[in-house]
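In: Structure of the sequence below:
(one chain, ligands or ions: 1)
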Amino acid sequence: MTRFYPEAVPSFEHEPTRERFDIKAIGDNVGEGVVALTPFSPGDIVFRFTGFYSAEITLFTLQVEPGLYLHDPFFMGKILHRCDANCDVDMATRTFTARLPIAPGDWVTMNYEQTEDELFRPFTCVCGPVKCEGFTAERQIRGRRFLQENAEPGERVEPMRRRRTR
Ligand SMILES: [Zn+2]
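Out: You can find the predicted model right below:
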């Protein structure tokens, strides 16, 4: 088992390892993402993560609660955004669970607006024409609190439809 986390971090169950994941550069070297090397089915635990609690948002944090973030520059912080992500995130148990089938070679993705009230760096998402909430220029991925502001009067906002590119 080869780890992504440094030795100072104790090993734990469902920790991501290099046997199951690879970190790859994306696009024109704008960043990195995590690729699965083994398949996952919906409902499978994909990995659990850890990190350092912080009062600050960084490129590598997820929000635990308003004003409290978990900083993981080793693994979780490199997970890419897709509006129609293949994983759900549970911050209480720090678990990524597959919501769609994941094949070897697929990017492991989450919707940043599932956890983040506000992104460190908002972006216009072009992940795809289907279900891409940021496909129009006006729809930036900024964080879930902006979902409420963007909602039309009477429109029901799905808070779990949502999250981050750096
Ligand atoms: Zn998108």
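
In: Near Arg99, how many other residues are there?
Out: Burial measure for Arg99: 20 neighbouring residues, criterion other C-beta atoms under 10 Å. Glycine gets a C-beta too; all of them are placed from N, C-alpha and C.

In: so what's it closest to, chain neighbours aside?
Out: With C-beta to C-beta, 6 or more residues apart in numbering as the criterion, Arg99 has its nearest non-adjacent residue at 4.9 Å, and that residue is Asp88.

In: can you pull out the helices in the protein?
Out: Listed from the start of the chain, the chain has helices (DSSP state H) covering 144-150.

In: neighbours around Phe49, how many?
Out: The criterion is other C-beta under 10 Å. On that basis, Phe49 has 23 neighbouring residues.

In: Who is the residue most central in space within the chain paired with across the strands?
Out: In the chain, the centroid-proximal residue (C-alpha atoms, centre = their mean) is Met110; its distance is 3.7 Å. Here Met110 shows beta-bridge partners His81, assigned using DSSP bridges.

In: isn't it right up against Asp88?
Out: Yes. Under the contact definition of C-beta atoms under 8 Å, Met110 touches Asp88, with a separation of 7.4 Å.

In: Might you enumerate the residues of the protein proximal to the ion?
Out: Within the chain, the residues that sit near the ion (C-beta under 5 Å from the ion) are Cys83, Cys125, Cys127, Cys132, Gly134.

In: who wins for neighbours among those residues?
Out: Each of these was scored for neighbours by other C-beta under 10 Å, and Cys83 scores highest at 23 neighbours.

In: can you give me phi and psi for that one?
Out: Main-chain torsions, Cys83, degrees, to the nearest 10: phi -60, psi -40.

In: what about it, distance to Arg3?
Out: To Arg3, Cys83 is 31 Å away according to C-beta to C-beta, to the nearest Å.

In: residue contacts, Ala8?
Out: The neighbours of Ala8, taking C-beta atoms under 8 Å, 6 or more residues apart in numbering as the test, come to nothing; the list is empty.

In: so Ile102 bridges to which residues?
Out: For Ile102, the beta-bridge assignment (DSSP bridges) gives partners Phe40.

In: who's in contact with it?
Out: Contacts of Ile102 by C-beta under 8 Å, 6+ apart are Ala36, Pro39, Phe40, Val46, Asn86, Cys87, Val108.

In: what residues are up against Val108?
Out: Val108 makes contact with Phe21, Gly33, Val34, Val35, Ala36, Val46, Ile79, Leu80, Asn86, Cys87, Phe96, Ile102 under the criterion C-beta under 8 Å, 6+ apart.
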